[in-house]
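Colleague: Sequence first, predicted coordinates after that:
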Amino acid sequence: MSTQPNTDLETFPNPNTERDYTIRIDTPEFTCLCPKTGQPDFATLTLEYVPNESCIELKSFKLYIWSYRDKGAFHEAVTNSILADLVKACEPRFMRLSAEFNVRGGVYTTVVAEHKDSNWEPSTPVQLP
């Protein structure tokens, strides 16, 4: 596998397809470029998903995220683009991507985008005493 930025997202078979469980991936070093100024935008990405048949392979995820370093994109567009690519790659039961961008000009931006498979119903959360 390459150690250069790459847009190929690899997957592997979900080892527990019979169960709903959540995978959470935190990426505190996401970088893209502001399409207006060309200056870097920094964000923490939090990916949460309930896999179906496949899971995202982490090294390919890191190289994919790295591929945005030199791309100009608005926060809303980049968040939705990443979510769309991840959904296409692994077809999860549910996926949420939160992008918390660092302050720029006194303004913080957080973009949250979600996907839910139309055939999936989440289980009722367990409330412990």
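Modeller: That came in fine, so what should we check first?

Colleague: Need the pLDDT of Arg104.
Modeller: The per-residue pLDDT reported for Arg104 equals 83.

Colleague: three-state assignment of the nearest residue to Asp8 once chain neighbours are set aside?
Modeller: Excluding the flanking residues, the one nearest Asp8 by CB to CB, 6 or more residues apart in numbering is Ser60, at 6.3 Å. (Each C-beta comes from the backbone N, C-alpha and C, glycine too.) Put simply, Ser60 is helix when judged by DSSP: H, G, I helix; E, B strand; the rest coil.

Colleague: And Gln39, how far from Gly72?
Modeller: 10 Å (CB to CB, to the nearest Å).

Colleague: Which of the two has more residues huddled nearby?
Modeller: Remark: of Gln39 and Gly72, Gly72 carries more neighbours, 16 against 9, as counted by other CB atoms under 10 Å.

Colleague: isn't there a strand covering Ala77?
Modeller: No: using three-state DSSP, the assignment for Ala77 is helix, not a strand.

Colleague: list the contacts for it?
Modeller: By CB atoms under 8 Å, 6 or more residues apart in numbering, no residues touch Ala77.

Colleague: again, only using 10 Å
Modeller: Going by CB atoms under 10 Å, 6 or more residues apart in numbering, Ala77 touches 32, 35, 71, 111.
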